[in-house]
Every structure is written in C-alpha cells, then in structure tokens.
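Peer 1: Here is a sequence together with a model predicted from it:
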Amino acid sequence: MTLRIKRISSVYIKQYFAAEDIRLAFSILMPYILRQWKAYVSLFAFMWIDISLTLAYAWFFGAVTDAAIHSDFHRLKWLVPLGGLFLLLSVGSTYFGNYAETISETGVKNDLKADLLKHILLLPFNTISNLRSGDLLSHFTNDIHAIDGVIGSSLMNLIRLPFIYLAVFIYLMQINWTLSLISFLVAPAALLAGAVFGLLLRRNSRLIQSLLGNMNTLLSEIFHGYLVIRSFTMEKSAFKRFTEQNRELLSLELQNAKLRGLFHTGGYAISSIIFLLSLSVGAYFISIKVMSVGALLTFINLVDHLIYPLTGLAGQWANLQRSVAAVERLSKVLKQTPESPRMPIYYSSMPSIRTIHLQNVTFSYDSRNPIFDQFHLQIPAGKIVAIVGPSGAGKTTLFNLLQGFYKPQAGAIWINGSRTDKYSTSQLRSFFAYVPQETFLFTGTIRENLMLARPGITEMSLVQAAEAANIHPFICSLPEGYETKIGEGGVQLSGGQKQRLAIARALLKDAPILLLDEATSALDNETEYQVKEALGRLMSNRTTLVIAHRLSTIRNADLIIVLDQGQIVQMGRHEELIDEDGLYRNLNQVQGHNREGAMVS
Ligand SMILES: Nc1ncnc2c1ncn2[C@@H]1O[C@H](COP(=O)(O)OP(=O)(O)OP(=O)(O)O)[C@@H](O)[C@H]1O
C-alpha cells in the first residue's frame, strides 16, 4: 500500500515538475529569448524596482500615519514629496516594465512564428504529408500565443514572487515577529492548494490545446470540402461534428473556470483570514503599546505579499506548464529535419538539357509497398515523351521523384549527367516547369499569379505566355484585364481557364524540362488543340514529359512510355505501339480510338 502511494506520488511529482519538458522548451526558446536580451535585462531591473517600491510604499504609509498621529509636521514636510517621488517611480517603472514585457514577448513570438513557417516550407514532402493542416494552422493561431508562460510575465513572476516573499518576510519580522509568524502558519495550505490547482489546470490546458488543433483540422476540411459537403448534403453531419467538439471545448473551459474560481476564492479566503488575524492581534499590540498604529498599517499593507506569492507561484507554474505543453507541440514540427538548410531561390538562366536518366530506382511512400522497384528509364533530350498507363501506375510519382519532392530509397536519377542529389534544391527546381494535375492559383490578381513564376518578368513575356496558353483573349475580355482578382484558389474562374493560367505560369518559368500532368484535361477539344499547338512551339527546345489519360492527345509524342504497376511494359511511338498486342492498344480500344487515334463513332 505504502509502495503504491509512493509510486503514485512520484508520478504526480514527475508530472508536476516535468523537468524534461521544461528543459526541452527552454532549449528551443533560449536562442529567441537571447535575441531580446536587452528587453529581458530591463524587465529584470524593473522587477527589482518593483520589489523595492512595494517595501518603500508600505514603509511610507506607516511613517506618514505615525507622523500625522504625533503631529510631526517637520517629518510630514519631507515625507509627502518622498511619496510623490515613489509615485513617479512607480508610474515610470509600470509603463516601461509593460513596454519591455511587450517587446520581449512579441519579439520572441514573431521570430518563432517566422522560423516555424520557414521550417515548414523546407520540410520534405513525406514529412509534411504526415502533418495535419489543422494542426499546422493551430501552431500559428494557438500554440505560439500560448507560450507566454515561458517567455513573459509568468517566467518573470516565477523569479519575482519568491524574492518579494522573502524581502517582505524579512521586513515584517523586523516590525513584529509574532505577527509575521501567524501569516507564516498558512504557508503550507497556500502552497498545497496552489500545487493541486497547477496540476489540474495543466492537464486541462493540454486537452484544450489538442482539441483546438482538432477543431482547426475539421474547420479547414469543411471549408476546403465545401462543395462536396453541400452536394452530398453533409451539412448536418459536419455541423454535428463541430458542435460536439465545441461542446467538449466549452466543458473543458468551464472546468478551467471552476478551477480558477475555486483557487481564487481559496486565495481570497486565506488572505482575508490573515488580514483579520493580523488586524486583531495588531490592535491588541497597539493597545498594550507594543506596536505603533503606523507599524500596523505598514504590516497590513504588506501582509498580502506573504500570501499571493505562495498561491500565485502555483498559478504561474501552471501557466508555465501550459506554455511548455504548447512548445512541446511546436517541437514536433521543429524537430523534423528540413530538406535543405536554406530556402531555394529562382534561377533564371536556362541550362541546356541533355538527358534524364533513372537508374535502378526503388521507391515507396511508406517503405513497405514499392511503387518502383529497380526502375530504369532513359529520356532523350529535347523530345516530347508521353507517360501513359492505368490509374495508380506511378506516373505522378515519377514526376515527384524527378523534381526531388521525394527521394528514392535506392538507385539514382541523373539529369545532365549529374545525380540529382548533387544539385542544390534551387538548381534542381530550376530545371522544371510543372503543371500539376490539380491547378492551384493564389488569391490575388491574374498578373500576380503569373508573375510568381518568374520575378521581374517583362510585360511582353507575360502576354506571350498568356497568348501561348490561349488565355490572353479571355484576360483582355475582363474589365480589369490582368489586374482582375480571381478569388481564393481562383474560384472565379472555370476549370479550363484555371488550367490555361497554370500552363501560362509554367511557360513563364522558362525551364528546360516541362512537366505536364494531365495539363489539358479540363480543356474542350478546340481549346486543347490551340493550347497544344502553342505548347508544341514552346516544346521545341526543351524536354517535355506529358502524363495523359486521353491518348488522343499524345499520338504525336516522340516517345510513349506505357507504365503498369511501376514497370515499363511498352515503349515506342504511337504507330508502333498501336500495332503491338499490349496495354497501349487495349487502353486505346477502351477509349474508342482507331489506329490513327481518331474517335470511333
Ligand atoms: N503521398 C502518397 N503517399 C502514399 N501513397 C501514395 C502517395 N501518392 C501516391 N501514392 C500511391 O502510389 C501509387 C502511384 O500513385 P500515382 O499518383 O503515381 O499514380 P498515377 O499513375 O499518377 O495515377 P493517376 O493516373 O490516377 O493519377 C498509388 O497506388 C497511390 O496510392
């Protein structure tokens, strides 16, 4: 039994102090705190001014009272201006102390926020795909704001409160040691109440933080999947999931409020008892002439400083723990190894491309089910190469590997005679202009969306690219032309218009390898023909890899590679492959094309 109690209490003590978590939090935050060292040194100085002023004020009240009782006008003459000086000092230190606190807290938070985003932008694809977008958002909206306890006033209070307690206790002992000892008697009760409160509050705060992350994930899913929710009449179930989480949050917040309420009431009760006791015993001491009225006033003024540091310490400790939990959540992202130490930059000069070569490439997303196993592929320079194959064959994965979004577990990819892992991320990304399967446009104007492909582009190149993608006439038909705002994700555009903008953006990048993943799938036949014609001109001096499901779109390709379950099952030109008894002919037949690639009526 005693062993069990010992074990339980050791678990609680461990949980309460959580030394390892605190060490981790400080190891992450210390560089940011040190960057704001001037603000922290000022805060430390203001803390001492504050402690000194607390004692000085209490002494002042006593001295003024005694001087008034004894009609000592000579003393009052210099005491009153001294009080004014204390007041000025107090106002000044409060103002500058608050200012230093804001600088230190916001400075740390801003730097941390910037570094966190930078870190996320540099994470490898396989890491980022395992992190939930709602949690990532929650790091910025909740967690960073919850770190106050380890960087701001709570941290300072953890240092300040023991000092103020000690300073006041020594001072009060000199005034009247019997009275001081009475207040000392409640110290264990105050400490214990604080400790229990701290532990419960910390546990609740952790649950709240994690629930906020879940709610952010749910909300981001609702907003991104808005169309699906409305068309599948999922409004009720989405709303129900949200209200359930919201209710859970409310109940946790209420528990927190109850805890705080209980704690503050307890603290208030203890303070009031001590006040009454001190006043009664003090009044008795005055009546037997052991104490002056001024001394009692000083005592009463200060005695509260013997209670709130004890109860307050636990509150500050709970704040610190809550912040430690927030840093712990941030550390899950921060400890992930970035892909490269620096942000890649845009390379404008277009290197000439010779070949792309995949040698013995083995790759799997989950290290268990290989998408490619000992895969070989030689892509000739300056040609149009089409990749076809059934869904899930590995076509997009091939594009992902080429661009270095994922690294093969074995084998190597060579571009221009060098292994891709020998290129910096900036160099590697400069080789490719990519039109992904799902078009993504940014909130802003058409011009802004095109310009991001190549900073500092001339108006002529911009228009040329838009013309090549057959989107220029449409842009000119809009009242605000290139300055038209396209809404979040380009919601104000049709699928085909978005796709043509994405093609123009890729063309503007002027990279030597063009990767088109179903880039014309949203276009009608006429537009597709025009875009392809324009693309054809642009493809002339670059290597183009095209993924296409509609086989009619790739029959002029220089080389068609037929992929099935990560293997090349056929390779050749359309005319050669259509004659072979194989997957390519089957796929053609399924799509109802004849030998020339025309639709069979
Ligand atoms: N991020 C990922 N994590 C885990 N598995 C993935 C991931 N992306 C794709 N896969 C799996 O890898 C396989 C190949 O997918 P890939 O997207 O390359 O196929 P695809 O040939 O481009 O298909 P589609 O024509 O349908 O676009 C599929 O089985 C898919 O489930």
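Peer 2: Structure received.

Peer 1: would you list every one of the strands in the chain?
Peer 2: Taking DSSP state E as the test, the strands found in the chain are 356-363, 372-379, 384-388, 410-415, 418-419, 432-435, 513-517, 543-547, 559-564, 567-572.

Peer 1: next one: the first one to chain centre, how far?
Peer 2: Chain-centre distance of strand 356-363: 35 Å, with C-alpha atoms, centre = their mean, to the nearest Å.

Peer 1: And the pLDDT for the nearest residue to residue 25 once chain neighbours are set aside?
Peer 2: Excluding its sequence neighbours, the residue lying closest to residue 25 (C-beta to C-beta, 6 or more residues apart in numbering) is residue 327, at 4.0 Å. For glycine as for every other residue, the C-beta is placed from the backbone atoms N, C-alpha and C. At residue 327, the model reports a pLDDT of 90.

Peer 1: So residue 327 is in contact with residue 147, correct?
Peer 2: Yes: between residue 327 and residue 147 there is a contact at 5.8 Å, judged by C-beta atoms under 8 Å.

Peer 1: what residues are shared contacts of the two?
Peer 2: Residues touching both residue 327 and residue 147 (C-beta atoms under 8 Å, 6 or more residues apart in numbering): residue 29.

Peer 1: where does the stretch 251-400 of the chain come near the ligand, residue by residue?
Peer 2: The stretch 251-400 of the chain comes close to the ligand at residues 365, 366, 371, 389, 391, 392, 393, 394, 395, 396, 397, as judged by C-beta under 6 Å from any ligand atom.

Peer 1: Residue 292: which of the strands of the chain is closest?
Peer 2: Judged by C-beta to C-beta, the one of the strands of the chain that comes nearest to residue 292 is strand 432-435, at 84.7 Å.

Peer 1: Name the strands paired with that closest one and say parallel or antiparallel.
Peer 2: strand 513-517 (parallel) (DSSP bridges).

Peer 1: how's the chain carved up into domains?
Peer 2: Structural domains annotated on the chain: 19-334, 353-431+513-519+557-593, as defined by automatic domain parsing.

Peer 1: which bits of the protein sit near the ligand?
Peer 2: Residues of the chain found near the ligand (C-beta under 6 Å from any ligand atom) are 129, 365, 366, 371, 389, 391, 392, 393, 394, 395, 396, 397.

Peer 1: Now the two most distant members of those.
Peer 2: Pairwise distances across those (C-beta to C-beta) peak at 22.8 Å, for the pair 129 and 389.

Peer 1: So between those two, which is more surrounded?
Peer 2: Neighbours were counted for residue 129 and for residue 389 using other C-beta atoms under 10 Å; residue 389 has more, 24 against 11.

Peer 1: Contacts only, for the more buried one.
Peer 2: By C-beta under 8 Å, 6+ apart, the contact list for residue 389 reads 395, 562, 563, 564, 569, 583, 587.

Peer 1: make it 7 Å
Peer 2: 395, 562, 563, 564 (C-beta atoms under 7 Å, 6 or more residues apart in numbering).

Peer 1: Identify the residue spatially nearest to it, adjacent ones excluded.
Peer 2: Once flanking residues are discounted, residue 389 sits nearest to residue 563: 3.6 Å by C-beta to C-beta, 6+ apart.

Peer 1: What are the boundaries of the helices in the stretch 1-150 of the chain?
Peer 2: With DSSP state H, counting those that start in this stretch as the criterion, the stretch 1-150 of the chain has helices at 2-17, 19-35, 37-69, 73-121, 125-128, 133-138, 148-151.

Peer 1: now the angle from the fourth one to helix 19-35?
Peer 2: Orientation note: helix 73-121 sits at an angle of 100 degrees relative to helix 19-35 (axes from the mean of the first three to the mean of the last three C-alpha atoms, to 10 degrees).

Peer 1: average pLDDT for helix 73-121?
Peer 2: Across helix 73-121, pLDDT averages out at 92.

Peer 1: What is the distance between it and the centre of its chain?
Peer 2: Chain-centre distance of helix 73-121: 29 Å, with C-alpha atoms, centre = their mean.

Peer 1: relative to helix 37-69, how tilted is that helix?
Peer 2: Note on geometry: by the same axes, to 10 degrees, helix 73-121 and helix 37-69 are set 160 degrees apart in direction.

Peer 1: and helix 73-121, what does it pack onto?
Peer 2: Packing partners of helix 73-121 (3 or more C-beta pairs under 7 Å, 6 or more residues apart in numbering; DSSP states H and E): helix 19-35, helix 37-69, helix 148-151, helix 308-334.

Peer 1: Nearest to the ligand: which residue in the stretch 201-350 of the chain?
Peer 2: At 15.5 Å from the ligand, residue 339 is the closest residue in the stretch 201-350 of the chain, using C-beta to the nearest ligand atom.

Peer 1: Now for residue 74, how many residues are close by?
Peer 2: 9.

Peer 1: same question, residue 210
Peer 2: Neighbourhood size, residue 210 [other C-beta under 10 Å]: 14.

Peer 1: List the contacts of the residue nearest to it when sequence neighbours are not counted.
Peer 2: In this structure, residue 210 finds its nearest non-sequential neighbour in residue 329, 7.9 Å apart by C-beta to C-beta, 6+ apart. For residue 329, the contact set (C-beta under 7 Å, 6+ apart) comprises 139, 143, 209.

Peer 1: With that, I have no additional questions.
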